[in-house]
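Student: Any chance you can model this:
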Amino acid sequence: MSDRIELSEMTGHSSAPSRRMVLRGLLGLSGLALAGCQVRPLYAPSSAPSATWTGSAIADLFSAITIDPPADRTTQLVRNELVFGLGLSGEPVNPRYRLALAANRTSRALAVQPSGSALTRNVAVTADYQLIPLGERDVLVTNRVTAAASYDAVDQRFANERAQIDAEQRAAREVAMIIQAQLAAALAPGL
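Tutor: Predicted coordinates:
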């Protein structure tokens, strides 16, 4: 045995903080760290309430976009998702921008059985778009966006066709979301 006697043994108290004190300290620090956090839309003005941003400047710019009529089904899918995502309802009363949109779909096998039939297929939707201010010749934004979705192929024709349609819709939704973000980035600096 040692001749030294620790102070903690004499007083009955440990110099190390108790587990309860450490947890209280961590809880207090995490409360301080989260005190400045808030959740609100990225492009909402700072004065807008966090629950809605329908009156924001970017939403007003989105509502002034008219989208060209689609030429095919894939373009229609992307256009529908854009109309929903941009919050458009019908044609704008005072359009300021025209969105020219053309989309196409490709499909290819990802995994092939030794017999030659596909196990997994990939559907890619590619959209080319231009945002053109009305009354001007210059194009504000032009870009190409591609998104893909896969599906499992089975031995039933109807199931494969339905799975391919669903994959095309998922890819079109993804393309529309990317276009929406790019439009917001292009229009936001002018606010």
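Student: Identify all contacting residues around stretch 166-173.
Tutor: Applying Cβ atoms under 8 Å, 6 or more residues apart in numbering, the contact partners of stretch 166-173 are 74, 77-78, 80-81, 103, 105, 121-125, 147-151. For glycine as for every other residue, the C-beta is placed from the backbone atoms N, C-alpha and C.
Student: Go through the residues you listed and flag which are in helices.
Tutor: Among the contacts of stretch 166-173, the ones falling in helices (DSSP state H) are Thr74, Leu77, Val78, Asn80, Glu81.
Student: how long is stretch 103-121 from one end to the other?
Tutor: Its start and end residues considered, stretch 103-121 measures 19 Å (Cα to Cα, to the nearest Å).
Student: What are the buried residues along it?
Tutor: Using 16 or more other Cβ atoms under 10 Å as the test for burial, stretch 103-121 gives Ala103, Arg105, Ala118, Arg121.
Student: pLDDT of it, averaged?
Tutor: Stretch 103-121 shows a mean pLDDT of 85.
Student: shouldn't Ala184 be in contact with Ala59?
Tutor: No: using Cβ atoms under 8 Å as the test, Ala184 is too far from Ala59 to be in contact (9.7 Å).
Student: Pick out whichever of the two has more residues nearby.
Tutor: Ranked by neighbour count (other Cβ atoms under 10 Å), Ala184 and Ala59 place Ala59 first, with 20 against 17.
Student: Give me the distance between the more buried one and Ala100.
Tutor: 22 Å (Cβ to Cβ, to the nearest Å).
Student: Check Ile132 too.
Tutor: According to Cβ to Cβ, Ile132 stands 7 Å off from Ala100.
Student: which of the two has more neighbours?
Tutor: Counted by other Cβ under 10 Å, Ile132 and Ala100 do not tie: Ile132 has more neighbours, with 18 against 13.
Student: can you pull the contacts of that one?
Tutor: Contact partners of Ile132, counting by Cβ under 8 Å, 6+ apart, are Tyr97, Arg98, Leu99, Ala100, Asp138, Val139, Leu140.
Student: of all these, which two lie farthest apart?
Tutor: Leu99 and Asp138 (14.9 Å; Cβ to Cβ).
Student: returning to that earlier point: by neighbours, which of the ones in helices among the contacts of stretch 166-173 wins?
Tutor: Of all the ones in helices among the contacts of stretch 166-173, the highest neighbour tally under other Cβ under 10 Å goes to Val78, namely 28 neighbours.
Student: where exactly do the strands run in the protein?
Tutor: Residue ranges of the strands in the chain, as given by DSSP state E, are 65-67, 97-112, 118-133, 141-152.
Student: got TSV for the ones you listed, with distance to Glu91 too?
Tutor: Listed next are the strands of the chain as TSV, based on distance: least, Cβ to Cβ, whole Å:
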stretch	distance to Glu91
strand 65-67	6
strand 97-112	11
strand 118-133	16
strand 141-152	21
